[in-house]
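S.K.: please work out how this folds:
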Amino acid sequence: MSTTTDAITAAVLFAPGAVLGAAALISQRGARADSAAVQQVLAESAAERAARTASTDSAPPDGGEGAPTPAAEQPARLATVHQFPGAHARRAA
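M.R.: Just a heads-up that it's a prediction; the model follows:
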């Protein structure tokens, strides 16, 4: 192949990537400012949500029953578990 053919092939293969890469870099210029604005809005929303939940009790907003309080004692066992003879031999195999 000739040098001209190689140059044309290289231009066809690399030119779209270069154009798209330049466009992607240009579009990323404003991403930092957008990201900062998004982070600011999320921080304000989280602060508002935390203030709202701190001032209310544990009842849900629709007036339903609140969350149950966790029990301090251990739950009662419902059944006794027996190990079958030979169960260890099957696990070892």
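S.K.: shaky segments in this structure?
M.R.: Residue ranges of the chain with pLDDT under 70: 1, 54-61, 63, 66, 87-93.
S.K.: any idea which residue sits dead centre in it?
M.R.: With distances taken as C-alpha atoms, centre = their mean, the residue of the chain nearest its centroid is L42 (15.3 Å).
S.K.: and that one, what element?
M.R.: helix 31-55 (DSSP states H and E).
S.K.: distance from the chain centre to that helix, please.
M.R.: Helix 31-55 has its C-alpha centroid displaced from the chain centroid by 17 Å (C-alpha atoms, centre = their mean, to the nearest Å).
S.K.: so for that helix, what gets flagged as buried?
M.R.: By neighbour count with 16 or more other C-beta atoms under 10 Å, helix 31-55 contains no buried residues. Where C-beta positions appear, they are placed from N, C-alpha and C, glycine not excepted.
S.K.: what does that helix rub up against?
M.R.: Taking contacts as C-beta atoms under 8 Å, 6 or more residues apart in numbering, no residue outside helix 31-55 touches it.
S.K.: when you give positions from now on, start the count at 23
M.R.: OK, 23 is where the count begins now, so the last one is helix 53-77.
S.K.: now do the helices in the protein.
M.R.: 25-50, 53-77, 109-114 (DSSP state H).
S.K.: export these to TSV and tack on distance to Q96?
M.R.: What follows is these, written out as TSV (distance: least, C-beta to C-beta, whole Å):
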stretch	distance to Q96
helix 25-50	56
helix 53-77	30
helix 109-114	26
